[in-house]
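Participant: sequence first, then the predicted structure:
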Amino acid sequence: MTTPRPAPPLAPDELVAAGTEREVLEAFLDFHREVLVRKVSGVPEQEARHRRVPSKTTLAGLVKHMTGVERGWFQRVLAGRPKAEIGPNVGGGDDSWELADDETVASLAAEYRRACEESRQTAARFALDDTVPQRRLG
């Protein structure tokens, strides 16, 4: 008689289809956050900085930009923290696409992951139906 093997844990893409509304939303965000990091991991630095379109968009710049977006929405809007308290790159504006010479794909991905973790901690303090003021949207 053989003992049935336990089912493996759900994969990240499976988690977006099961659970409470909050669990699904958080899994969806985390899945796509990690997709971004996986897509740029292993890309040579020169390629990650190469512009393929007329805008400032680069693969490395996209990671930096999304770090600013995380900080803008979760720290600035949701938590109501002042920009000066949050640090650099808040909001994902035009300057969030500009790369410093010492920034690498690995350092940008690590900073993005830190910003995402801070976003998770901030969001955990709120219910899904909580509202917060937003300077342009009310």
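Facilitator: Thanks, I have the structure now. Residues are numbered from 1 along each chain as shown.

Participant: show me where the protein dips below the pLDDT cut-off.
Facilitator: Counting by pLDDT under 70, the ranges of the chain that qualify are 1, 15.

Participant: again, only this time at 80
Facilitator: Scanning the chain for pLDDT under 80 picks out the ranges 1-4, 10-18, 134-138.

Participant: the closest residue to residue 125 other than its chain neighbours: neighbour count?
Facilitator: Nearest non-adjacent residue to residue 125, counting by C-beta to C-beta, 6 or more residues apart in numbering: residue 79, 8.0 Å away. Yep, even glycine has a C-beta here, placed from its N, CA and C like the rest. Neighbours of residue 79 under the rule other C-beta atoms under 10 Å: 19.

Participant: now residue 79: phi and psi?
Facilitator: The phi and psi values for residue 79, taken as degrees, to the nearest 10, are phi -80, psi -20.

Participant: measure it to residue 96 for me?
Facilitator: 19 Å (C-beta to C-beta, to the nearest Å).

Participant: do the same with residue 66
Facilitator: For residue 66, the distance to residue 96 - C-beta to C-beta - is 8 Å.

Participant: now swap in residue 34 and tell me
Facilitator: 20 Å.
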